[in-house]
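> build me a model from this:
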Amino acid sequence: MDLATIRSRIAEHGLSYRGAFHPAAGETLVLVGFIGPENWPTFAASPEAGDGQPDPLDRWSTRVITEIARALGATPLFPFGGPPFLPFQRWAQQAEPVHPSPLGILIHPDWGLWHAYRGALAFAEAIDLPAPDRRPSPCGSCRDKPCLTACPVGAFTPSGFDVPACLGHISSPVGADCVTIGCRARRACPVGPEYRHAPAQAEFHQRAFLEAQRS
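Numbers count the residues shown, from 1 in each chain. Just a heads-up that it's a prediction; the model follows:
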């Protein structure tokens, strides 16, 4: 198996290659996910997106990544379905140049906060990989950090994310834009603004967050 074939199969299914690394001798882990708005139309046109059943994105990710894994002879792994949960955040930092941001979301030097991991492919072989990209976090050179002041209710604090404050805001009319076009703090990040989610994608994720917190 070679990396070009893996990347091509991932792209054929409407997903993006999100880096890879060798977790141990004779093993390769390839991460799969979304970058900005480019993968959203494939999911939006899927049966899962329109069937009215719970967790459509997770169900779609499971089906599609399992198909990719079966075709490539890999084992599919997912960041959901726990507990216990697999260490995708740690894996991501080994696979590509992402770093924790002040908002708690991993930030990429190119894509900013507009990316996500939908799964991984585990191979029982050492696939040749390019040299790792070790670019530093863009947050280190961001003096103003507008992400920390953009939230109108100050939900992002030094001690963590104030979930009740956020929920109260986005559940009210004054917080409607945080639902329909995305979190104001996230949108304030100056890195990768061209990769921001389209309104339908942003609203899908914000409403999923609301439902998860209310359940």
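> tell me the confidence at the nearest residue to H115 once chain neighbours are set aside?
Among residues not flanking H115 along the chain, I35 sits closest, at 5.2 Å (Cβ to Cβ, 6 or more residues apart in numbering). Where C-beta positions appear, they are placed from N, C-alpha and C, glycine not excepted. What the model reports as pLDDT for I35 is 98.
> just want the most central residue of the protein.
A116 (1.1 Å; Cα atoms, centre = their mean).
> next structured bit after the strand or helix carrying it?
Assigned by DSSP states H and E, A116 belongs to strand 115-123. The helix or strand immediately downstream of strand 115-123 is strand 156-157, counting by DSSP H and E.
> that following strand pairs with which strands, and in what direction?
Strand pairing for strand 156-157, using DSSP bridges, gives strand 160-161 (antiparallel).
> packing partners of the helix or strand following the partner strand?
The helix or strand immediately downstream of strand 160-161 is helix 163-170, counting by DSSP H and E. Where contact means 3 or more Cβ pairs under 8 Å, 6 or more residues apart in numbering; DSSP states H and E, helix 163-170 is packed against helix 176-180, helix 199-214.
> about what we covered before: and the residue nearest to the centre of the chain, what does it touch?
Contact partners of A116, counting by Cβ atoms under 8 Å, 6 or more residues apart in numbering, are 33-34.
> returning to what we had before: the residue nearest to H115: neighbour count?
18 (other Cβ atoms under 10 Å).
> any stretches of this structure with poor pLDDT?
215 (pLDDT under 70).
> ok, P56 - how many residues close by?
Residues near P56, counting by other Cβ under 10 Å, number 19.
> which residues in the strand holding A116 does the neighbour count mark as buried?
115-121, 123 (16 or more other Cβ atoms under 10 Å).
> can I see the domain layout of the protein?
The record assigns the chain these domain ranges, following automatic domain parsing: 3-136, 139-214.
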